[in-house]
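Undergrad: sequence first, predicted coordinates after that:
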Amino acid sequence: MDYIQMTAPCGLDCFNCPMYLANENQELRKKISQKMGIPYENAVCKGCRAHNGTIPFLGMTEPCSVYKCIQKKGFQFCNECPDFPCDHLHPYADKASQVPHNTKVFNLCLIKKMGLESWAENKAKSVKDAYFKGTFKL
């Protein structure tokens, strides 16, 4: 798998996203279509890089601010930038229970520490699982 292509510049692991997995899983695609109320043919995603910084099923027509910034600066990931972390990566409460956007900085730090492939193969799924299913610990 091309982990650069399937990891968003902000550190989201597209390869673990149900919308990406629905490309190969017809049942999942059907469930997503029904749950989100979108046409079956739109219930998939190939990652934001494949769509030039947009996510079509969300109706995005312009690239997100992170993608525009990365393109302008010429980096693959935000963690390569001397301004990392910046406000483009700020976590928000909005939709935190539905989308893993608050994991971006943590993922980017792990990518920097572990390397992209090691993170993708050994850690990314557990980060997402902990985010959605884990118990808060101090």
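TA: Okay, I see it. For clarity, every value in this text was computed on a predicted model and none was experimentally measured.
Undergrad: tell me the mean pLDDT over stretch 78-94?
TA: Along stretch 78-94, the predicted confidence averages to a pLDDT of 94.
Undergrad: hey, C-alpha coordinates of it in PDB?
TA: The C-alpha atoms that make up stretch 78-94 are tabulated as PDB, following Å, rounded to 0.1, in the frame of the first residue of the first chain:
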ATOM      1  CA  CYS A  78       2.700  18.800   8.500                       C
ATOM      2  CA  ASN A  79       5.300  17.400  10.900                       C
ATOM      3  CA  GLU A  80       8.000  18.300   8.400                       C
ATOM      4  CA  CYS A  81       7.200  22.000   8.700                       C
ATOM      5  CA  PRO A  82       9.100  24.300  11.100                       C
ATOM      6  CA  ASP A  83       5.700  25.700  12.200                       C
ATOM      7  CA  PHE A  84       4.400  22.300  13.400                       C
ATOM      8  CA  PRO A  85       2.100  22.200  15.200                       C
ATOM      9  CA  CYS A  86       0.000  25.100  14.000                       C
ATOM     10  CA  ASP A  87      -3.600  26.200  14.200                       C
ATOM     11  CA  HIS A  88      -4.500  24.200  11.100                       C
ATOM     12  CA  LEU A  89      -4.200  21.100  13.300                       C
ATOM     13  CA  HIS A  90      -6.100  22.500  16.300                       C
ATOM     14  CA  PRO A  91      -8.400  19.900  17.900                       C
ATOM     15  CA  TYR A  92     -12.100  20.700  18.100                       C
ATOM     16  CA  ALA A  93     -15.100  19.200  20.000                       C
ATOM     17  CA  ASP A  94     -17.300  19.400  17.000                       C
END
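Undergrad: which positions in that stretch come out as buried?
TA: Residues of stretch 78-94 classed as buried under the neighbour-count rule (16 or more other CB atoms under 10 Å) are 78-79, 81, 84, 88-89. Every C-beta, even on glycine, is put in place using the N, C-alpha and C of the backbone.
Undergrad: what's the most distant pair in those?
TA: Checked with CB to CB, the buried residues of stretch 78-94 reach their widest spread between Asn79 and His88, with 12.2 Å between them.
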